[in-house]
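Enquirer: Okay, sequence plus prediction incoming.
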Amino acid sequence: APAGSGGDFFVVPAEEPAELGPVTPLDLARGLRENGLADLAVEYLTDLAAKNPPPDVAGALPLELARARLAQADDETDEGKRDALLGRARSEFNAFLKANPNHPRRAEAQISLARLQSLQARGMLTRAKGEDDKDVRKKEMARSRAVFQEAAQLFGAAAAEYAKLADDNSLSAGRKRAVV
C-alpha cells in the first residue's frame, strides 16, 4: 500500500477472457441499440441491407431492424412518430416470422412482438384515461384491454417457442444458452 494511504490493496487476478466468436455486423447493430443508439442502429442496418450482405446476416436483418425500431419507439415522445415506428416494427417482426418458421431466433422475434403489442396497449390506455367523456373513456379502455390480452397471447406463444428450443436436443448447450 502506498505510504499514508491507510488501506490495504488486494490483487485480484484477472479472469481469462471468455472465448468470443467473430463479431458480426449484427453484433455491432445490437450493441448500438443496447447502448441507446437505436437510430444509428437503424441507419447502419439499412445501409447494410443495401450492400447485399451474406445470407446468414440478410436472414436476420428484418429482426434486427424491427428490434431497433422498437427501441426507437420506446424512446420517442411524439405519439404520431412512435405509432409509425411501432407499425413499421410490427411489419418487420411479422415479415421475419413469416419468412423464417424454423429460425432459432423466432422466439426472440415473438417476445419482441409481444412487447410491441403491450406498448401499443399502454399508449391506448393512457389516451383513454385522458378522455373527458365517460362513455368514450370506457370504450377506449375496453379496446386497450383487448390489445393487452393479445399481447398476453403473444407472450404465451413466445414462451412455448422458448420451451421448444430448451427441449431441442439437436442444439448444443452453448447455442441453447444463446437463444434461450
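Expert: It's in.

Enquirer: Quick one: list the elements packing against the longest helix along the chain.
Expert: For the chain, the longest helix by residue count, based on DSSP state H, is helix 134-167. Counting contacts by 3 or more C-beta pairs under 8 Å, 6 or more residues apart in numbering; DSSP states H and E, helix 134-167 is packed against helix 106-129, helix 173-179. From N, CA and C alone the C-beta is placed, and that goes for glycine too.

Enquirer: can you list the weak-confidence ranges in this protein?
Expert: In the predicted model, the chain carries pLDDT under 70 at residues 1-22, 171-180.

Enquirer: hang on, the earlier thing: how far off helix 106-129 does the longest helix of the chain point, in degrees?
Expert: 170 degrees (axes from the mean of the first three to the mean of the last three C-alpha atoms, to 10 degrees).

Enquirer: buried sites along helix 134-167?
Expert: By neighbour count with 16 or more other C-beta atoms under 10 Å, helix 134-167 contains the buried residues 140, 144, 147-148, 151, 154-155, 157-158, 161-162, 165.

Enquirer: how far out from the middle of the chain is it?
Expert: 17 Å (C-alpha atoms, centre = their mean, to the nearest Å).

Enquirer: could you dump the helices and strands packed on helix 134-167 to JSON lines with mean neighbour count and distance to A38?
Expert: Formatted as JSON lines, the helices and strands packed on helix 134-167 follow (neighbours: other C-beta atoms under 10 Å; distance: least, C-beta to C-beta, whole Å):
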{"stretch": "helix 106-129", "mean neighbour count": "19", "distance to A38": "13"}
{"stretch": "helix 173-179", "mean neighbour count": "12", "distance to A38": "22"}
